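> Attaching a predicted model along with its sequence, questions to come.
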Amino acid sequence: MNTVLHTAITDTLKDLGLEEVDFSIEHPADASHGNYSSNVAMILAQKVGKSPRDVAAQIVEKMEGAIEHVDYIEIAGPGFINFFLSRDFFVQELGHMQGGTWKSTDMEGETILFEYTSPNLFKPLHIGNLVGNIIGESITRLFENAGADVKRINYPSDIGLTVAKGVWGLKKIGGNPDSIADLGEAYKEGNEAYEDGSAKEDIEAVNRALYAESDAKLHDLRMRGIKTSRTHLKELLRALGTSFDLVVFESEASPVGQKTVEDHVADGIFEESDGAVVFKGERHGLHTRVFLNSQGLPTYEAKDVGNFILKQRAYPGWTQSIVVTGGEQREYFKVIIAALRELFPEAKDKVLAHIPTGFLTLTTGKMSSRKGNVLTGEELIADVRKEAAKRAKESRAEDTEKLSEQIAVAALKYQILRQKVGSDIVFDKERALSFEGDSGPYLQYTHARTCSVLQKAKEVGVEPSLQHAPETTYSLEHLLYQYVEVVAEATAEKEPHRIVGYLTELAGAFNTFYAQEKIADASDEYAPYKAALAEAVKVTLKNGLHLLGIEAPEQM
């Protein structure tokens, strides 16, 4: 409807011979001011030398009665034009929503390479990878909902200095590479020894040996540790609802990137500097970064070049290539993207983007495990799942173990996705697990309540129907139809938090409606219409939760 109104106003300006201007159409905070409001008259007034209300009167006179589903138009305040939608519009929209499909075609024809999660494999999953996964999965679902062909890509680090620290650490502590806990301890040991300089040379020697595969024992430790990490990662991804179409290992990207960098020194894209090979980012207003170090080994930068090449080979028809990683890599990716555009002419006119994520901290301040390591994503999920299991046992669900996992994931995802992407996140476990509002479990509980209400209505002979609507609209109807617009905005802006906010408001509105109205009442002539409203809320919540990567249980 927003688009319909925008077109109608634009056409009216042309018919009146008025200048085209940029104007907004928004939903007024106060429902008494209409369903939509535009500031077009106030913007035009400055250009034509008239009062905003006079300009508004001229526009309204031309549009009155000419827009389908607009009941009436009024001028308010200094010159806002407010639009009030007709009763039949809401009935029609409810009919669409009961069908449960709102997929658009805005991104049809797009093939998007979407890379996220991408952990260091030789240690437990970092909490930052957890944040990246949750944000990446939701944006991926938004793109798919808009008709895009999205290729989920994982780029795990299975070689390099991080792995070398872990392998050295395993030998030092006599750890078991088949134990994820030992891998965490080994990395901690190796990282400390590298940072304080006590084993820096030894760890760099291990790193060279791993690249060259010159030491069978070190190679075996690396491969077993990677297998252990991948097993744990696979289980975590299952719980989070993510599966990847393509996995590109850093060890695969490394030689491809190294050769590409070496091949482009002669043409000036890369330059030799103090025994290393660098990309001079200054010519793009950026900074210089090393792509091959003084030992001749590829850095993360060269590997990212190789990763890009392998992704292109797998999906040559791509139109966008997007990477989700931590916000601390903003400047890094600006240089990487500049280098890729110089290396690959076919990438110059395509979208290359980095979506930065913020840091996650806890309200308790606890960011270290009992063993002194940084709190891992696995530990956080296990902690939340333990508390969620207590909530699940109090429910009426048949499978409480499954429900506890659904609640835990919803609690995590909601708290992360409620923030604007890139913002830092403070995770409050108690608030996250609350059933009383502003949480993922609250949205799940409201969905389960709609299922229960509809079942009770059915038992007394009330079936959802739009045939007999009350003359006056329910306030819930004024919120339901906005779902499509909210999803479109969230997709265009890559901002799942818009859906989080909308669903929370919708859940609150439904619970208020439920407290005030009887639905399972065969003697109420409007009960079937109220049931249709409940059904629309149910379907909308389920669809919206799916876009956030959250399950919608029917019993809680």
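That came in fine, so what should we check first? Residues are numbered from 1 along each chain as shown.
> where are the low-confidence patches of the protein?
By pLDDT under 70, the weakly predicted segments of the chain are 100-102, 365-374.
> Domain-wise, how is it divided?
2-85, 161-233, 380-548 (automatic domain parsing).
> could I get these as JSON lines with distance to Trp318?
Any C-beta I mention is one placed from the backbone N, CA and C, and that applies to glycine too. As requested, the domains of the chain are exported to JSON lines (distance: least, C-beta to C-beta, whole Å):
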{"stretch": "domain 2-85", "distance to Trp318": "29"}
{"stretch": "domain 161-233", "distance to Trp318": "25"}
{"stretch": "domain 380-548", "distance to Trp318": "17"}
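> I'd guessed Leu547 sits against Glu495; true?
No. Using C-beta atoms under 8 Å, Leu547 makes no contact with Glu495, being 11.7 Å away.
> on that earlier part again, mind checking which of the domains of the chain is nearest Ser273?
For Ser273, the closest of these is domain 161-233, at 20.1 Å, according to C-beta to C-beta.
> chain center to that closest one: distance?
In terms of C-alpha atoms, centre = their mean, to the nearest Å, the centre of domain 161-233 is set 33 Å apart from its chain centre.
> List the first helix or strand encountered after the helix of greatest length in the chain toward the C-terminus.
The longest helix of the chain (DSSP state H) is helix 216-240. Next helix or strand after helix 216-240 toward the C-terminus (DSSP states H and E): strand 246-247.
> strand partners of that following strand, parallel vs antiparallel please.
If you go by DSSP bridges, strand 246-247 pairs up with strand 149-154 (parallel).
> Buried residues of whichever helix or strand comes after the strand it pairs with, list them for me.
Next helix or strand after strand 149-154 toward the C-terminus (DSSP H and E): helix 161-173. For helix 161-173, burial by neighbour count (16 or more other C-beta atoms under 10 Å) applies to Leu161, Thr162, Val163, Ala164, Lys165, Gly166, Val167, Trp168, Gly169, Leu170, Lys171.
> tell me the angle helix 161-173 makes with helix 216-240.
Angle, helix 161-173 to helix 216-240, by axes from the mean of the first three to the mean of the last three C-alpha atoms, to 10 degrees: 110 degrees.
> List the contacts of helix 161-173.
Contact partners of helix 161-173, identified using C-beta atoms under 8 Å, 6 or more residues apart in numbering, comprise 120-123, 157, 175, 177, 182-183, 185-191, 193-194, 199, 202-204, 206-207, 210, 218, 221-222, 225-226.
> Check stretch 341-353 too.
The contact list for stretch 341-353 (C-beta under 8 Å, 6+ apart) reads 260, 264, 269, 305, 308, 312, 318-323, 337, 340.
> which stretches of this protein form strands?
25-26, 36-38, 70-76, 80-85, 111-115, 149-154, 246-247, 271-273, 276-279, 289-292, 320-326, 351-357, 360-362, 425-427 (DSSP state E).
> Out of those, which is closest to Ala389?
Closest to Ala389 of these is strand 425-427 (C-beta to C-beta; 18.3 Å).
> Kindly provide the distance from the closest residue in space to Glu301 that isn't next to it in sequence to Glu271.
Leaving aside its sequence neighbours, Glu301 sits nearest to Phe291 (C-beta to C-beta, 6 or more residues apart in numbering; 4.6 Å). According to C-beta to C-beta, to the nearest Å, Phe291 and Glu271 sit 10 Å apart.
> How about Ser229?
Separation of Ser229 from Glu271 (C-beta to C-beta) stands at 36 Å.
> Comparing these two, which residue is more hemmed in?
For Ser229 versus Glu271, neighbours defined as other C-beta atoms under 10 Å are more numerous around Ser229 (25 against 13).
> surely the more buried one meets Lys123?
Yes. Counting by C-beta under 8 Å, Ser229 does reach Lys123; the two are 7.1 Å apart.
> Identify the contacts common to the two.
What both Ser229 and Lys123 touch, as defined by C-beta under 8 Å, 6+ apart, is the set Leu183.
> wait, what's in contact with Pro177?
Pro177 neighbours (C-beta under 8 Å, 6+ apart): Leu170, Leu183, Leu221, Arg224, Gly225, Thr228.
> Could you single out the nearest of these to Gln419?
Relative to Gln419, the closest of those is Leu183; by C-beta to C-beta it sits at 30.6 Å.
> still on that earlier bit, what is in contact with Phe291 and Glu271 at once?
Applying C-beta under 8 Å, 6+ apart, one finds that Phe291 and Glu271 are jointly contacted by Val277, Val278, Phe279.
> For the last one, list each beta-bridge partner.
When assigned by DSSP bridges, Phe279 has beta-bridge partners Arg289.
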